[in-house]
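Asker: Here is the input, now give the coordinates:
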Amino acid sequence: MKILTINYSDINGGAAIAAYRLHRALLAAGHDAVMLVQVKETDDPTVIGPSGKFGKLKGLLRPEIDKYIINRYKNRSQTLFSPGWLPFSNIISTIEKIDPDIIHFHWIANAFFPIKDFAKINKPVVWSLHDMWAFTGGCHYDEECGRYKDSCGSCPVLKTNKKKDISRRLLKKKKHAFAGIRNLTVVGLSQWMAESAKSSYLFKDRRVVNIPNAFDTHQLRPINFKTARSLLRLPLDKKLIVFGAMNAASDPRKGFMELSEAIEKLDVWNAELVIFGASKPANPPYFKYPVHYLGKLKDELTMQLLYSASDVVAVPSIQENLSNVIIESLACGAPVVGFDIGGNSDMIDHKHNGYLAQPFDTQDLANGLQWALEHPIYNKVSQNAREKAVKTYDQSVVVPQYVALYEEMLKG
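Answerer: Residues are numbered from 1 along each chain as shown. Below you'll find the predicted structure:
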């Protein structure tokens with residue numbers, strides 16, 4: 001069985017990291033696996049990216065050209081919107097040369113996979129949903145509008161009042177193209193994403209299952225607390241609250257403002273905040289606690305050190321699927337506090353390995369942080385976190401679920 005994983009990048013971004021982890025886990029389990037990307041950043045020979053300077057340049061230019069169609073929506077929100085309309089891709093011919101038995105899509109926006117090309121696929125397809133783009137009219141998160149259940153239009157992300165706007169046209173275009181895929185299974189990485197896909201206009205008549213991302217928890221494990229802090233040059237005698245994401249402080253969906261309000265309400269005298277995923281801004285926001293900005297973490301070891309050095313990890317997202325940060329934190333024994341939204345309840349067991357705050361109650365978010373920072377049996381909470389990650393998300397548990405799905409689909 002030859003498995004082709006398709007994702008925009010191999011390691012740039014949360015979806016890329018998750019897709020690459022599964023790809024490597026499949027290889028480690030002895031399967032014939034290849035990964036196809038538009039932006040290749042590793043030197044892994046099992047990952048196929050654009051060849052030559054022209055191919056690489058084209059891969060960088062396509063996303064910019066794809067955005068042209070939405071640039072006229074000057075008042076659109078900061079939520080990512082990907083049209084996927086740009087043609088002139090050779091990806092189908094590349095797939096035909098690889099000749100896989102199974103195609104496994106992950107995050108394929110940024111003009112990587114044109115919508116119209118779905119109609120040309122003649123292989124069984126698995127599609128792991130890292131966000132909502134696959135079943136919306138172009139947004140990656142719908143800002144709770146729910147219009148993907150019907151026909152989109154009057155898109156709140158684009159801030160348009162027209163019923164027949166580009167989001168409705170793109171949804172219809174997807175409907176037409178997806179009809180060509182005869183053997184398709186949609187994977188909601190979280191129960192929330194699976195239920196959202198089942199209720200969508202595009203996937204309500206398709207098979208949807210819930211299988212999470214795969215993690216190597218033997219590699220992603222706790223490191224000695226003092227060693228981790230010393231290597232990162234973080235204080236040994238403070239309670240550290242860790243927060244981070246891609247564009248951590250600038251993406252409203254990640255909840256930076258909600259976290260800021262919660263920290264102002266927090267009553268812990270010796271706390272400090274650690275922010276990763278963003279460098280210190282020219283005019284940093286005020287916090288009543290000292291702040292350490294670590295910028296973007298370049299490798300898993302640094303990430304492992306940071307989680308091991310933390311007392312609590314805050315994930316205050318407004319919408320979230322199956323957060324890598326949450327599972328990575330749990331694997332390193334760090335309790336997590338977040339709102340009870342999206343897929344958070346899949347991972348966080350309330351007051352067992354973390355805290356689920358009422359959406360979007362910043363006082364309750366502060367209560368959760370305080371609960372973790374002052375827990376009388378903190379070591380037990382840390383142990384619970386680690387056990388959850390190992391039992392539910394380790395690749396030895398998750399990979400067999402995907403392999404069983406592949407084999408079932410190949411049987412027709």
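
Asker: Do a quick rundown of the strands in this protein.
Answerer: Along the chain, counting by DSSP state E, strands occupy 2-6, 32-36, 47-48, 102-105, 125-129, 184-188, 207-210, 239-244, 271-276, 291-295, 312-315, 336-339, 354-357.

Asker: Can you say which of those strands is packed in most?
Answerer: strand 336-339 (a mean of 28; mean count of other Cβ atoms under 10 Å). In this view, the C-beta of every residue, glycine as well, is placed from N, C-alpha and C.

Asker: And for that strand, what's in contact with it?
Answerer: Strand 336-339 has contacts (Cβ atoms under 8 Å, 6 or more residues apart in numbering) with 255, 258, 312-318, 320, 323, 325-326, 329-330, 344, 347-348, 353-360, 365, 368-369, 371-372, 385.

Asker: Any quick PyMOL command for the buried ones out of these?
Answerer: Of these, the buried ones can be selected in PyMOL as follows, counting by 16 or more other Cβ atoms under 10 Å:
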select buried, resi 255+258+312+313+314+315+316+317+318+320+323+325+326+329+330+344+347+348+353+354+355+356+357+359+360+365+368+369+371+372+385
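
Asker: Show me the contacts of strand 336-339 that map onto helices.
Answerer: Among the contacts of strand 336-339, DSSP state H puts 258, 325-326, 329-330, 344, 347, 365, 368-369, 371-372, 385 in helices.

Asker: R147: which of these is nearest?
Answerer: Nearest to R147, judged by Cβ to Cβ, of the ones in helices among the contacts of strand 336-339 is N344 at 23.4 Å.

Asker: For K288, see how far away the residue lying farthest from the centre of the chain is.
Answerer: Distance from the C-alpha centroid of the chain, by Cα atoms, centre = their mean, peaks at W269 (33.5 Å). Applying Cβ to Cβ, to the nearest Å, the value for W269 to K288 is 11 Å.

Asker: returning to what we had before: mean pLDDT for the strands of the chain - can I get that in CSV?
Answerer: As requested, these are exported to CSV (pLDDT from 0 to 100):
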stretch, mean pLDDT
strand 2-6, 98
strand 32-36, 98
strand 47-48, 96
strand 102-105, 98
strand 125-129, 98
strand 184-188, 98
strand 207-210, 98
strand 239-244, 96
strand 271-276, 95
strand 291-295, 93
strand 312-315, 98
strand 336-339, 98
strand 354-357, 98
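
Asker: Is S260 in contact with P284, as I believe?
Answerer: No - with contact defined as Cβ atoms under 8 Å, S260 does not count as touching P284 (11.3 Å).

Asker: Looking at the two, which one has more neighbours?
Answerer: Neighbours were counted for S260 and for P284 using other Cβ atoms under 10 Å; S260 has more, 17 against 11.

Asker: Tell me the spacing between the nearest residue to L234 once chain neighbours are set aside and V47.
Answerer: Leaving out its chain neighbours, the residue that sits closest to L234 by Cβ to Cβ, 6 or more residues apart in numbering is A309, at 5.6 Å. Applying Cβ to Cβ, the value for A309 to V47 is 31 Å.

Asker: Turn the strands of the chain into CSV, including distance to G59.
Answerer: As requested, the strands of the chain are exported to CSV (distance: least, Cβ to Cβ, whole Å):
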stretch, distance to G59
strand 2-6, 14
strand 32-36, 12
strand 47-48, 12
strand 102-105, 17
strand 125-129, 21
strand 184-188, 26
strand 207-210, 31
strand 239-244, 27
strand 271-276, 27
strand 291-295, 25
strand 312-315, 31
strand 336-339, 34
strand 354-357, 39
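
Asker: With respect to S93, which of these lies nearest?
Answerer: With distances scored as Cβ to Cβ, the stretch of the strands of the chain nearest to S93 is strand 32-36 (11.8 Å).

Asker: The closest one versus strand 2-6: what angle between them?
Answerer: 20 degrees (axes from the mean of the first three to the mean of the last three Cα atoms, to 10 degrees).

Asker: so what does strand 32-36 touch, helix or strand wise?
Answerer: For strand 32-36, the elements it packs on are strand 2-6, helix 14-28, strand 47-48, helix 91-98, judged by 3 or more Cβ pairs under 8 Å, 6 or more residues apart in numbering; DSSP states H and E.

Asker: how far is the third one from where the chain is centred?
Answerer: In terms of Cα atoms, centre = their mean, to the nearest Å, the gap separating the centre of strand 47-48 from the centre of its chain is 21 Å.

Asker: Mind listing the strands it pairs with, and their directions?
Answerer: Its sheet considered, strand 47-48 pairs with strand 32-36 (parallel) by DSSP bridges.

Asker: Any chance you could list what contacts the partner strand?
Answerer: 1-7, 10, 19-20, 23, 26-27, 44, 46-49, 91, 94-95, 98, 100.

Asker: pull the CA atoms of it into CSV?
Answerer: Taking Å, rounded to 0.1, in the frame of the first residue of the first chain, the C-alpha atoms of strand 32-36 are listed here in CSV:
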residue,chain,number,x,y,z
ASP,A,32,5.4,2.9,1.7
ALA,A,33,4.8,6.6,2.2
VAL,A,34,5.6,9.8,0.2
MET,A,35,4.8,13.4,1.0
LEU,A,36,4.0,16.1,-1.6
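
Asker: E374 versus the closest residue to H292 other than its chain neighbours, what's the distance?
Answerer: Closest residue to H292 in three dimensions, ignoring its sequence neighbours and counting by Cβ to Cβ, 6+ apart: V274, at 4.7 Å. According to Cβ to Cβ, V274 stands 18 Å off from E374.

Asker: so where is the stretch 201-350 of the chain shaky, pLDDT-wise?
Answerer: For the stretch 201-350 of the chain, the stretches flagged by pLDDT under 70 are 245-250.

Asker: Could you rerun that using 50?
Answerer: Within the stretch 201-350 of the chain, not a single segment meets pLDDT under 50.
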